[in-house]
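**Student:** sequence first, predicted model second:
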Amino acid sequence: MRISHSVEEWLRCRSAINGESIGFVPTMGALHTGHASLIERCRKESDIAVVSIFINPLQFNDPKDLERYPQTLDQDLSLLERLGVEEVFIPPAVEIYPPGCRYYVDELSTAAHMEGLHRPGFFRGVMTVVLKLLNLVRADRAYFGEKDYQQLRVISGMASDFFIPTEIVACSTVRQASGLAESSRNSLLSCDARRKAACIHRALTTASTSAAAQAMLEDDGFKVEYVEEHWGRRFAAVFLEGVRLIDNVPLPPGLES
Ligand code: PAF
């Protein structure tokens, strides 16, 4: 497994790849079984699997959230090695955002509500870094989880609008047996809270309306930021022990819009 710690190093590795198909999984580290499933699929469908690890400061509107974002680089690298990843790209922030950088990507429709509304600047940060990474990696396919469904839509739209030749591949959410969606943020929860967090999936899949799902979550002690329905899916963002968790599911049968 080769690790590039700078853009220059990565571009040298990239130029040595000729004629082999490239799959790309961008991450912010703190890897879990959700990432592992993206990487396994990426490996199956490509000759060379590239994984980036970059905690993107531009997508954190709350500096405290950035500060406490889990960082587990040694564990991440062991997992990537076990998964058989060929290339890891860990760019320094100063090369992704050089001093004085002033170009950003914005989207004004899909990104305007839910995560975009409650985390101002989040999608600008995500789209800007993903565009840079897609241009640097020049992969055939890039893999994104449906757990961040709104992000996936915004990125697919950007890729299509900017004629990016990389195919954006959507991958199903990986859940624990309890229904809890795998997320790097789960590691910030106590054992009790992790058990309780399974209620999010239950509320989203069993309530007859989004208002009923919100009421169920509030009764269970969650601070609810939103429960909304879009694109035939139901979405929620909640706080538990001060940790912000999001999830979404296809609308229960009979309720599809
Ligand atoms: O989903 C994530 O981990 C991040 O938003 C991404 C796509 C790696 C961009 O920083």
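**Tutor:** Structure received.
**Student:** nearest residue to the residue of the stretch 51-200 of the chain found nearest the ligand in space, please, no chain neighbours.
**Tutor:** The ligand sits closest to Asn56 of the stretch 51-200 of the chain, with a gap of 4.0 Å, by Cβ to the nearest ligand atom. In short, each C-beta sits where N, CA and C put it, glycine included. Among residues not flanking Asn56 along the chain, Val129 sits closest, at 4.5 Å (Cβ to Cβ, 6 or more residues apart in numbering).
**Student:** the one you found contacts Ile55, doesn't it?
**Tutor:** No: counting by Cβ atoms under 8 Å, Val129 stays clear of Ile55, with 10.1 Å between them.
**Student:** the more surrounded of these two?
**Tutor:** Val129 (22 against 16; other Cβ atoms under 10 Å).
**Student:** which residues does the one helix or strand that one maps to contact?
**Tutor:** Under the criterion of DSSP states H and E, Val129 resides in helix 122-137. With contacts defined as Cβ atoms under 8 Å, 6 or more residues apart in numbering, helix 122-137 is touched by 7, 10-11, 14, 22, 24, 26, 50, 52, 54, 56-61, 89, 91, 96, 103-107, 111, 115-116, 142, 151, 154-155, 158-159, 162, 164, 166.
**Student:** so what's the residue of the stretch 51-200 of the chain closest to the ligand up against?
**Tutor:** Asn56 neighbours (Cβ under 8 Å, 6+ apart): Met28, Ile96, Gly125, Val126, Val129.
**Student:** if we check the ligand, which of these are in contact?
**Tutor:** Within the set of the contacts of Asn56, contact with the ligand (Cβ under 6 Å from any ligand atom) is found for Met28, Val126, Val129.
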